[in-house]
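**Q** would you be able to build a 3D model of this:
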Amino acid sequence: MTMVRTQILPAITMAVSLLFALVPRVASACPDPTLNYSDHTPLTDLGTGTYLGEQGGLYPGGSNDRPAAHTAAGEIAARSVVPRNAVGEMDRAGRIGFITIGMSNTDRDSEMLLAVARMDAELNPQLVLVNGSQGGRGAAYWEPPMTDTWDELARRVTAAGLTAAQVQVAWMKHQFNADDLGAAFPDGARRLRDSLRSIVLEAKRRYPNLRIMYVSSRTYGGYSPAGRGVGAYENGWATKWLVEDQIGGDARLAFDGAAAVAPWLSWGPYLWADGLGSDRAPGGVPGRSDGLEWACEDYVDDGVHPTESGQRKVVEMLMRSLKTDSTSRPWFVSGAVEPPPDGGVIAIEDAGGSVEPVDSGVPATTSDGGSGADAGSRPATPAPASTGGDCGCHAAGARHGGIGAASLGLLACAWIAAGIRRRRRART
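**A** Coordinates of the predicted model:
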């Protein structure tokens with residue numbers, strides 16, 4: 001996303017950093033720490049330069065800035081992201097559903113997103129986040145006529161207390177299984193671009209009020225001894241071309257008016273950086289010009305899936321984008337638009353389907369989302385005063401007084417709870 005409202009960025013950066021302060025670090029299990037540089041150039045640094053004949057940058061013309069006209073269209077779309085009731089009518093007591101779509105990496109990132117969002121006092125209290133991403137389910141599993149993945153997402157949406165008509169925003173980070181694009185560049189990346197387009201269209205078909213979708217690339221994949229690094233890098237090109245197609249007026253991605261078949265699309269955070277950079281050392285020459293690096297400690301023993309430190313990097317970038325972009329801040333941040341008259345509850349949908357609400361001025365409630373993908377891995381979500389599996393976490397008061405010691409303590413508690421509930425997903 002193109003960053004706006006830069007006057008609030010330093011405060012948001014500090015707040016996001018504080019939210020992560022007590023999240024425990026996990027020692028690296030990366031299989032080969034020497035695979036820390038690939039000599040590929042991030043899209044954001046490539047600019048008007050080329051990779052195998054294709055121009056870089058996130059947007060047309062080698063630019064990293066979203067075109068002004070597309071931003072204006074996104075701001076219009078954002079104004080229609082409002083609380084809605086079960087049948088999709090605008091309702092001050094309604095909800096704004098936000099789903100994530102992707103494979104196992106996105107699933108893990110989404111778990112961290114939910115843990116952080118649960119403790120963030122700045123978020124819109126009518127926002128309901130649903131982790132729809134599913135382990136082992138790469139992009140091909142989401143293409144029509146495949147239905148199992150969409151059925152599972154629908155189950156999670158229902159478990160969160162939402163209807164399809166209330167889902168209005170999505171974040172997608174997707175890839176083919178094993179980072180195998182199926183053909184040499186650019187054909188493989190185009191094949192993935194086409195797959196992503198079919199997923200976008202299916203999402204809009206199933207969630208007719210889906211107005212906005214942010215898309216992100218894979219992170220660095222070079223630590224995998226299975227040779228997945230090139231596919232992870234070229235994933236960014238598929239994402240870039242998907243967004244550029246809509247900007248260029250591709251009727252297959254029309255998002256406005258009676259002909260709309262897709263949500264408005266934009267980059268979320270671009271996540272790829274070239275490992276530790278050309279000096280192969282942390283903190284020296286970075287993996288890309290803004291300082292982002294991917295270290296061995298950010299990956300588990302397959303060199304592909306993120307540890308907590310890797311998840312933390314992704315979610316920090318995503319949260320900062322959502323809080324500052326002019327197309328997301330109005331509905332994502334509390335007080336950016338007129339609040340509901342009687343307060344509200346932000347419900348965070350866990351990967352397994354249980355709902356964990358956060359008190360925002362009215363009594364919190366809970367509901368049982370069923371077993372789903374984590375059948376048998378944890379009990380139904382207890383009431384706020386619970387003990388045991390969720391370590392007694394309750395966010396009463398966490399949405400008041402900014403991000404203080406109490407909020408940070410609750411974040412640590414929530415992360416412990418997430419760790420207790422987490423089981424390893426099938427790997428993409």
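
**Q** in the protein, which helix or strand is least confident?
**A** strand 355-358 (a mean of 42; mean pLDDT, DSSP states H and E).

**Q** quick one: Lys240 and Leu43 touch, right?
**A** Yes: Lys240 lies in contact with Leu43 (Cβ atoms under 8 Å); the separation is 6.3 Å. Just so you know, the C-beta spots here come from the backbone N, C-alpha and C atoms, and that holds for glycine as well.

**Q** need the overlap of contacts for the two.
**A** Applying Cβ atoms under 8 Å, 6 or more residues apart in numbering, one finds that Lys240 and Leu43 are jointly contacted by Gly57, Leu58.

**Q** neighbour count: these two, which is higher?
**A** Leu43 (27 against 24; other Cβ atoms under 10 Å).

**Q** just the helices in the stretch 251-400 of the chain please.
**A** 308-324, 329-332 (DSSP state H, counting those that start in this stretch).

**Q** would you turn the ones you listed into a markdown table with mean pLDDT?
**A** Shown next, in a markdown table, are the helices of the stretch 251-400 of the chain (pLDDT from 0 to 100):
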| stretch | mean pLDDT |
| --- | --- |
| helix 308-324 | 98 |
| helix 329-332 | 98 |
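
**Q** and the ones you listed as a markdown table, adding mean neighbour count and distance to Tyr59?
**A** What follows is the helices of the stretch 251-400 of the chain, written out as a markdown table (neighbours: other Cβ atoms under 10 Å; distance: least, Cβ to Cβ, whole Å):
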| stretch | mean neighbour count | distance to Tyr59 |
| --- | --- | --- |
| helix 308-324 | 23 | 15 |
| helix 329-332 | 21 | 20 |
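
**Q** confirm that Ile96 sits in a helix.
**A** No: assessed by DSSP: H, G, I helix; E, B strand; the rest coil, Ile96 does not belong to a helix; its assignment is strand.

**Q** excluding chain neighbours, what is closest to it?
**A** Leu127 (5.1 Å; Cβ to Cβ, 6 or more residues apart in numbering).

**Q** and the gap between the one you found and Glu308?
**A** 24 Å (Cβ to Cβ, to the nearest Å).

**Q** hang on, isn't Pro60 packed against Ala69?
**A** No: with contact defined as Cβ under 8 Å, Pro60 does not reach Ala69; the gap is 11.3 Å.

**Q** show me which of those two is the more surrounded one.
**A** Pro60 (15 against 9).

**Q** just give the number of residues close to the residue lying closest to that one once chain neighbours are set aside.
**A** Spatial nearest neighbour of Pro60, chain neighbours left out: Glu244 (5.5 Å); criterion: Cβ to Cβ, 6+ apart. Per other Cβ under 10 Å, the neighbour tally for Glu244 reads 19.

**Q** ditto for Phe98
**A** Neighbours of Phe98 using other Cβ under 10 Å come to 27.

**Q** and if you look at the one 10 residues further on?
**A** Using other Cβ under 10 Å, the number of residues around Arg108 comes to 26.

**Q** per-residue confidence for it?
**A** Here, the pLDDT recorded for Arg108 equals 97.

**Q** for Gly56, see how far away it is.
**A** The value you get for Arg108 to Gly56, if Cβ to Cβ is used, is 28 Å.

**Q** between the helices of the stretch 251-400 of the chain, which one is closest to Trp264.
**A** helix 329-332 (13.0 Å; Cβ to Cβ).

**Q** which SSE is the residue sitting nearest the centre point of the chain in?
**A** Central residue of the chain (Cα atoms, centre = their mean): Trp171, 4.8 Å from the mean position. Using DSSP states H and E, Trp171 maps to strand 167-173.

**Q** would you mind pulling the contact partners of that strand?
**A** 80-81, 84, 96-103, 105-106, 109, 130, 133, 157, 196, 199-200, 203, 207, 209-218, 263, 268, 271, 318, 328, 331.

**Q** ok, 7 Å please
**A** Contact with strand 167-173 is made by 81, 96-102, 105-106, 157, 199, 203, 207, 209-216, 263, 268, 318, as judged by Cβ atoms under 7 Å, 6 or more residues apart in numbering.

**Q** for the helix or strand that comes right after that strand, packing partners?
**A** With elements assigned by DSSP H and E, the helix or strand that comes after strand 167-173 is helix 187-206. On a contact count with 3 or more Cβ pairs under 7 Å, 6 or more residues apart in numbering; DSSP states H and E, helix 187-206 meets helix 229-247.

**Q** send me the helix it packs on as PDB with only the CA atoms.
**A** C-alpha atoms of helix 229-247 as PDB (Å, rounded to 0.1, in the frame of the first residue of the first chain):
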ATOM      1  CA  GLY A 229      13.800 -19.400  -3.500                       C
ATOM      2  CA  VAL A 230      13.200 -18.500  -7.100                       C
ATOM      3  CA  GLY A 231       9.500 -19.400  -7.000                       C
ATOM      4  CA  ALA A 232       9.100 -17.300  -3.800                       C
ATOM      5  CA  TYR A 233      10.800 -14.300  -5.600                       C
ATOM      6  CA  GLU A 234       8.800 -14.600  -8.800                       C
ATOM      7  CA  ASN A 235       5.600 -14.800  -6.700                       C
ATOM      8  CA  GLY A 236       5.900 -11.000  -6.400                       C
ATOM      9  CA  TRP A 237       5.600 -10.600 -10.100                       C
ATOM     10  CA  ALA A 238       2.300 -12.500 -10.200                       C
ATOM     11  CA  THR A 239       1.000 -10.200  -7.500                       C
ATOM     12  CA  LYS A 240       2.200  -7.100  -9.300                       C
ATOM     13  CA  TRP A 241       0.700  -8.100 -12.600                       C
ATOM     14  CA  LEU A 242      -2.700  -8.900 -10.900                       C
ATOM     15  CA  VAL A 243      -2.900  -5.400  -9.500                       C
ATOM     16  CA  GLU A 244      -1.600  -3.700 -12.600                       C
ATOM     17  CA  ASP A 245      -4.200  -5.600 -14.700                       C
ATOM     18  CA  GLN A 246      -7.000  -3.900 -12.700                       C
ATOM     19  CA  ILE A 247      -5.300  -0.500 -12.800                       C
END
